[in-house]
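>>> Build me a structure from this.
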Amino acid sequence: MKPLSECRLYTFVDTAYLRGRSPQSVTRSLCDGGSDLIQLRSKDSPLDQIGQPPGAILPITARAGVYLAINDHPQHAAQTGAPLCHLGQEDFFDAGCRHTSQLRTWDPQLRVGLSTHAPAQAERAIAAGADYIAVGPVYATGTKPSAKPVSLDYVKWAAANVKIPWFAIGGINLENLDAVLAAGARRIGVVSAILNATDIAEACQNFKNRLLSARF
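Alright, predicted model coming up:
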């Protein structure tokens, strides 16, 4: 797999957006469309109630050379061999963690990403050993309707101050992507704008092409 620093497009298998499609078919489409990382996200039901999809989709991502991140469940990530887990502020710091090494007792190779919503949170996440951070939500998003958008100001701050890989995320679509890139983002995370598309692979490829063709 390529280094995280070379990854550009972070996509999701979000069980709230499957619409009758299997996690495996969505994963294949995301891989075919050029995803660099895919996060399995299940906020509406525990992972053990949706048919053990981490073990089912990991072979798909591994063959494609795509990272698989498990949201909220580092132990599950370690047990299934997923290379990444992703946690929110409340799932990491509020749960008593102070450094990502505490999550590597299950798997020394496990990499950890953390969500951040402000510069202070980014600095804290970096100090805690995060391998990457998410910066957002940049815009209002249905995936987290109660979250206040951080605006492009936080993206600009991250571009100037964050040295580890970071992904702008939250409400990003093809219409506002140029503004996000102009603010300094080089990596993005996209949920609904891809998963709501009729052709997921095509939607994914449209974002990837825009990222690769952007002039900085």
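
>>> Doesn't Gln39 belong to a strand?
Yes. Assessed by DSSP: H, G, I helix; E, B strand; the rest coil, Gln39 belongs to a strand.

>>> pretty sure it is in contact with His73, am I right?
No. No contact is recorded between Gln39 and His73 when judged using CB atoms under 8 Å, the distance being 11.4 Å. In this view, the C-beta of every residue, glycine as well, is placed from N, C-alpha and C.

>>> ranges for the helices of this protein?
Per DSSP state H, the chain has helices spanning 23-32, 53-64, 74-80, 89-92, 119-127, 151-161, 177-182, 192-195, 200-213. These are given in chain order.

>>> ok, and what's touching the helix or strand bottoming out on mean pLDDT in the chain?
Lowest on mean pLDDT, DSSP states H and E among the helices and strands of the chain sits helix 74-80, with a mean of 89. For helix 74-80, the surrounding residues in contact (CB atoms under 8 Å, 6 or more residues apart in numbering) are 47, 54-55, 58, 69-70, 82, 84-85, 87, 103, 106-107, 110, 112.

>>> from the middle of its chain, how far away would that helix be?
Taking CA atoms, centre = their mean, to the nearest Å, one finds helix 74-80 lying 17 Å from the centre of the chain it belongs to.

>>> swap in stretch 21-33?
Once both centres are worked out by CA atoms, centre = their mean, stretch 21-33 turns out to sit 15 Å from its chain's centre.

>>> any idea of the mean pLDDT in that stretch?
The predicted model assigns stretch 21-33 a mean pLDDT of 96.

>>> repeat for stretch 187-203
Per-residue pLDDT values over stretch 187-203 give a mean of 97.

>>> First-to-last residue distance for that stretch?
Distance across stretch 187-203, first residue to last, is 16 Å (CA to CA, to the nearest Å).

>>> And for it, what's in contact with it?
For stretch 187-203, the surrounding residues in contact (CB under 8 Å, 6+ apart) are 7-12, 14, 17-18, 26, 29-30, 32-33, 39, 41, 134, 136, 141-143, 165-170, 172-174, 177, 180, 204, 207, 211.

>>> now do 6 Å
Applying CB atoms under 6 Å, 6 or more residues apart in numbering, the external contacts of stretch 187-203 come out as 8, 10-12, 14, 17, 29, 32-33, 142-143, 167-169, 172-173, 204, 207.

>>> just stretch 95-107 next, same as before
Around stretch 95-107, the neighbours that count as contacts under CB under 6 Å, 6+ apart are Pro74, Gln75, Ala78, Leu110, Val112, Ala128, Gly129.

>>> Then stretch 147-164?
Around stretch 147-164, the neighbours that count as contacts under CB under 6 Å, 6+ apart are His117, Pro119, Ala122, Val135, Pro137, Tyr139, Ala140, Trp166, Ala168, Ala183, Gly184, Ala185.

>>> That concludes my questions; thank you for your assistance.
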